[in-house]
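Enquirer: Following is a predicted model, sequence given first.
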Protein chains: 2
Amino acid sequence: MESSMTDSLESSEERLIASILAGVPCAGPAILLGAGHDAAVLRPSSGALDVVTTDAMVESVHWDDRLTPADVGYKLVAVNASDLGAMGARPGWALLCVALPDPPDTAWLSDFTTGLAEGLLAFDLALAGGDTVRAPGNRRFLSLTAGGRAARVIGRRGAVPGDVLWVTGWLGAAAAALLKPSPPEQLRIALARPRPPVAFGARLGESGLVNAMMDLSDGLACDLGRLCRASGVGVQVDETALPVHPLLLGSERTLALTGGEDYGLCFAAGAASTPRLLHLAAASDVSITAIGRFDDGDGPRLANGSWPSPSFEHFGHPGDADAF
Amino acid sequence: MESSMTDSLESSEERLIASILAGVPCAGPAILLGAGHDAAVLRPSSGALDVVTTDAMVESVHWDDRLTPADVGYKLVAVNASDLGAMGARPGWALLCVALPDPPDTAWLSDFTTGLAEGLLAFDLALAGGDTVRAPGNRRFLSLTAGGRAARVIGRRGAVPGDVLWVTGWLGAAAAALLKPSPPEQLRIALARPRPPVAFGARLGESGLVNAMMDLSDGLACDLGRLCRASGVGVQVDETALPVHPLLLGSERTLALTGGEDYGLCFAAGAASTPRLLHLAAASDVSITAIGRFDDGDGPRLANGSWPSPSFEHFGHPGDADAF
């Protein structure tokens, strides 16, 4: 925070920025020079690769009143951290853009900042700077850029026939919550407070055991198609092996395949790596499940040869390929 | 671009992303792995420091119909590149967030993408990825994160008494255009197509001649106060030395001090460096003007001891300290 932010002549936006910076971690090992200049300067890395990603969240498109402002702040960080983990990167820094109504709702901002701080702390990110603007039509718009460092390049292109397909955690809970106007808290929390296994993703990357990886944001039905296309492979998925969230009942159980917003990892690894993967997962307190085998077929298929068309909607937003 | 982007089953958003990626530079020396994964991977730097910044632009807040969609795309890049140059960094990569009406206006997007490409090419940036979302209330919202590399840390804190205050280029033209519903083209272009001296900023940073630097986005009246507060110094400004844009007449000439959106550089350097600075500027085809001298006084002052209060508005948005 630069000295102007506590100056008695400060503008309402300077106060707004100061209130954000005062509430969140702004310094960390990744940041050499943080907020208060035209740009932030990162601390030099020692041989690691820089990884960067950005994701936006828009009021009524990506959240509604099932999420508190603190949930929104937390989730904005979580979805970006998820992308870093999926690349095998350890998070380091973030830049925030917020478009808020004018005048800003200070109670909303305070709650949002609390959740933002929770997310930054949970995923080892520090806020290096950002931008605040007036919201068009008074609808809040948020975007976060997050950066981290990876030991090696992991992407979606490296899966080969014979690889095992793995997923982390339970599937379907967030999508089930989306379908309910008042979801029970155990489902709501899956939607509002996703816990992407970011540190595990980084360990997977460092292990050299993983050939391709991505996070599950739009559901297996959608995301697995992308992984197969990027790698030029097919995959036979064992539907009975899917780690369906235990609270899902009846037809809800299909959401493990067609739902989204799980923010778990989906990755491909050689079969010989299975013992080491299981050990790494146990040491990281992350559950992993083998749900299929890659081959030289045409994209993902279930046992009967079919594959559900991607149909997931984020708060009414069609399953979306929106990050690129 | 991943293969899914040309898949026959692609969604409207995949087509939207494909149309952006097809129109702009997506590969460059800074990018090891670009769009098509969860995050982009940057090419390792050789000893340089990574510098990152983000700026947002909102329809009717940061632009109106005096700017074409291509102007908006260009300017989104230029204002971020300006921040990199002000830190002495050479631009490398960018991440884009766009919120667009649903369905998107393809003519708008095509024109925007053309301007975005012009900006990326002009400032040596390549698009490494991004996110597309639906616009709240159908008002377009854009944010760009830009990254580059600097030889050393330059910020706002290093100005010392005795340093000379320099600015680049002409001042006041963009602010004059903002005051006119139909500005003459020579003024409009200053507003719509700012040309921040980014490469010169990087050369200044590499030269080691500069003690503090920032870009002029909210006008000298506002920005110089920030530089003085960050450095804990004062500065005596010679109003008669200001490089007022030659098209400004009468009272408009005060906009060189109180206007904004110039996107030139403002920097502090020891007096002994003047010959080398003039040589570097001439070699970079950038005009620089000495307009004051730093001292241990209280912030910026004119000859009569006064200083105008920051009053600049970006399209009705008070002079704004909004980037942090």
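Expert: Nice, I can see it.
Enquirer: Please count neighbours and contacts with C-alpha atoms only from this point.
Expert: Noted.
Enquirer: and the closest residue to A:Arg156 other than its chain neighbours, which of the three is it?
Expert: Spatial nearest neighbour of A:Arg156, excluding adjacent residues (C-alpha to C-alpha, 6 or more residues apart in numbering or on different chains): A:Ala212 at 4.8 Å. Secondary structure state of A:Ala212, per DSSP: H, G, I helix; E, B strand; the rest coil, is strand.
Enquirer: what does A:His37 give?
Expert: Per three-state DSSP, A:His37 ends up coil.
Enquirer: mind listing what it touches?
Expert: A:Glu2, B:Gly155, B:Arg156, B:Met214, B:Phe324 (C-alpha atoms under 8 Å, 6 or more residues apart in numbering or on different chains).
Enquirer: Looking at it now. What's its pLDDT?
Expert: With respect to pLDDT, A:His37 scores 95.
Enquirer: swap in A:Pro310?
Expert: For A:Pro310, pLDDT reads 80.
Enquirer: Check the gap between it and B:Arg139 for me.
Expert: 28 Å (C-alpha to C-alpha, to the nearest Å).
Enquirer: for A:Ala107, same thing?
Expert: Taking C-alpha to C-alpha, one finds A:Ala107 at 25 Å from B:Arg139.
Enquirer: out of those two, which sits in the busier spot?
Expert: B:Arg139 (18 against 10; other C-alpha atoms under 10 Å in any protein chain shown).
Enquirer: Report whether the expected contact of the more buried one with B:Val61 is present.
Expert: No - in this structure, B:Arg139 is not within contact of B:Val61 by C-alpha atoms under 8 Å, at 10.3 Å.
Enquirer: report the longest strand in chain A, please.
Expert: strand A:89-100 (DSSP state E).
Enquirer: Any chance you could give me whichever helix or strand comes after that strand in PDB, C-alpha atoms only?
Expert: Per DSSP states H and E, strand A:89-100 leads on to helix A:106-122 as the next helix or strand towards the C-terminus. C-alpha atoms of helix A:106-122 as PDB (Å, rounded to 0.1, in the frame of the first residue of the first chain):
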ATOM      1  CA  THR A 106     -19.200  -1.100   1.800                       C
ATOM      2  CA  ALA A 107     -20.800  -4.000   3.600                       C
ATOM      3  CA  TRP A 108     -20.700  -6.200   0.500                       C
ATOM      4  CA  LEU A 109     -17.100  -5.100  -0.100                       C
ATOM      5  CA  SER A 110     -16.000  -5.900   3.400                       C
ATOM      6  CA  ASP A 111     -17.600  -9.400   3.300                       C
ATOM      7  CA  PHE A 112     -16.100 -10.000  -0.200                       C
ATOM      8  CA  THR A 113     -12.700  -8.900   1.100                       C
ATOM      9  CA  THR A 114     -12.900 -11.300   4.000                       C
ATOM     10  CA  GLY A 115     -13.600 -14.200   1.600                       C
ATOM     11  CA  LEU A 116     -10.900 -13.000  -0.800                       C
ATOM     12  CA  ALA A 117      -8.400 -13.100   2.000                       C
ATOM     13  CA  GLU A 118      -9.500 -16.600   3.000                       C
ATOM     14  CA  GLY A 119      -9.000 -17.800  -0.500                       C
ATOM     15  CA  LEU A 120      -5.600 -16.100  -0.900                       C
ATOM     16  CA  LEU A 121      -4.400 -17.600   2.400                       C
ATOM     17  CA  ALA A 122      -5.800 -21.000   1.600                       C
END
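Enquirer: Check which helices and strands helix A:106-122 is in contact with.
Expert: helix A:12-23, helix A:69-86 (3 or more C-alpha pairs under 8 Å, 6 or more residues apart in numbering or on different chains; DSSP states H and E).
Enquirer: just checking, what packs against the host helix or strand of A:Ala174?
Expert: Per DSSP H and E: A:Ala174 is located in helix A:173-178. Packed against helix A:173-178 by the contact rule (3+ C-alpha pairs under 8 Å, 6+ apart) you find helix A:185-192, helix A:255-258.
Enquirer: so what pLDDT did the most centrally placed residue in chain A get?
Expert: Central residue of chain A (C-alpha atoms, centre = their mean): A:Val79, 2.5 Å from the mean position. Here, the pLDDT recorded for A:Val79 equals 98.
Enquirer: can you pull the contacts of A:Thr310?
Expert: No Thr there; residue A:310 is Pro. Contacts of A:Pro310 (C-alpha under 8 Å, 6+ apart): A:Gly219, A:Ala221, A:Cys222, A:Thr258, A:Gly319.
Enquirer: secondary structure class for it?
Expert: coil.
Enquirer: The stretch 151-300 of chain A: strands as residue ranges?
Expert: Taking DSSP state E, counting those that start in this stretch as the test, the strands found in the stretch 151-300 of chain A are A:164-168, A:210-215, A:234-237, A:265-269, A:288-295, A:299-301.
Enquirer: What residues does the stretch 51-200 of chain A have near chain B?
Expert: A:51-61, A:83-84, A:86-87, A:95-97, A:129-137, A:139-141, A:143, A:145, A:153, A:155-156 (C-alpha under 8 Å from any C-alpha of the partner chain).
Enquirer: Go through the residues you listed and flag which are in strands.
Expert: Applying DSSP E to these, the entries found in strands are A:51-58, A:95-97, A:129-134, A:141, A:143, A:145.
Enquirer: Give me the residue ranges of the stretch 101-250 of chain A where confidence is low.
Expert: Scanning the stretch 101-250 of chain A for pLDDT under 70 picks out A:136.
Enquirer: can we see that at 90?
Expert: A:101-104, A:134-139 (pLDDT under 90).
Enquirer: number of nearby residues for A:Phe267?
Expert: Using other C-alpha under 10 Å: A:Phe267 sits among 26 other residues.
Enquirer: do A:Lys180 as well
Expert: A:Lys180: 12 neighbours (other C-alpha under 10 Å).
Enquirer: roughly how far apart are it and A:Thr258?
Expert: 16 Å.
Enquirer: Which among the helices and strands packed on helix A:173-178 is found nearest to A:Glu239?
Expert: Smallest distance to A:Glu239 across these (C-alpha to C-alpha): 8.2 Å, for helix A:255-258.
Enquirer: Does at least one residue of the closest one sit close to chain B?
Expert: No - Helix A:255-258 lies apart from chain B when judged by C-alpha under 8 Å from any C-alpha; the minimum separation is 16.0 Å.
Enquirer: what does the model give whatever residue of the stretch 201-324 of chain A ends up closest to chain B for pLDDT?
Expert: Closest residue of the stretch 201-324 of chain A to chain B, C-alpha to the nearest C-alpha: A:Ala323 (4.1 Å). In this model, A:Ala323 is scored at 83, pLDDT.
Enquirer: likewise A:Glu13?
Expert: Looking at A:Glu13, the pLDDT reads 77.
Enquirer: what's the burial count for it?
Expert: Neighbour tally, A:Glu13, other C-alpha under 10 Å: 23.
Enquirer: That one - nearest residue in space that isn't next to it in sequence?
Expert: B:Asp322 is the one closest to A:Glu13 (C-alpha to C-alpha, 6+ apart), at 6.2 Å.
Enquirer: Great, nothing more from me.
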